[in-house]
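S.K.: I'll drop the sequence and a predicted model, then ask my questions.
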Amino acid sequence: MWTRREWKTFYQAVKKSAGLSKPPRPLYRSGTNRLIPAEGFSLDELVAAGVSLVQAESWGLPVDLGRTDSYEPNVSALRVYARVARVAP
């Protein structure tokens, strides 16, 4: 049985880790007004968001080296996630 102090430290640890949300899912446009899930973020999107390949892999972000296009909503989602990930411990 856990003591009150153990429960308190457990909830504090969970609360800290909950600040970092799930990684964003990459999308790309296919035709007019149609979005399809992509395998990963392209290198152009990572560069535009200011995230290195090593950082993306350490954060668990999927990276697709075969993609050459850049989709602006992916870049903005990466910028927001990078801001949160750099602040979180």
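M.R.: Cool, the structure landed.
S.K.: C-alpha from now on. contacts and neighbour counts both.
M.R.: Fine.
S.K.: centroid residue for this protein?
M.R.: Of all residues in the chain, the one closest to the mean position by Cα atoms, centre = their mean is residue 23, 2.9 Å from it.
S.K.: List the residues that contact the nearest residue to that residue once chain neighbours are set aside.
M.R.: On the basis of Cα to Cα, 6 or more residues apart in numbering, the spatially nearest residue to residue 23 that is not a chain neighbour turns out to be residue 61, at 6.3 Å. Contacts of residue 61 were listed using Cα atoms under 8 Å, 6 or more residues apart in numbering, and they are 23-24, 40-41.
S.K.: Please enumerate the strands of the chain.
M.R.: Counting by DSSP state E, the chain has strands at residues 27-29, 35-37.
S.K.: Most tightly packed of those strands?
M.R.: The highest mean neighbour count among those, using mean count of other Cα atoms under 10 Å, belongs to strand 27-29: a mean of 18.
S.K.: which residues sit against it?
M.R.: With contacts defined as Cα under 8 Å, 6+ apart, strand 27-29 is touched by 35-38, 71, 74.
S.K.: now it, how far from the chain's geometric center?
M.R.: Going by Cα atoms, centre = their mean, to the nearest Å, the spacing between the C-alpha centre of strand 27-29 and its chain's C-alpha centre is 16 Å.
S.K.: mind listing what it pairs with, with the direction of each?
M.R.: strand 35-37 (antiparallel) (DSSP bridges).
S.K.: which one is residue 65 nearest to, not counting chain neighbours?
M.R.: Looking at residue 65 with Cα to Cα, 6+ apart, the closest residue is residue 42, at 6.1 Å.
S.K.: For that neighbour, list the residues it contacts.
M.R.: For residue 42, the residues meeting the contact criterion (Cα under 8 Å, 6+ apart) are 63-70.
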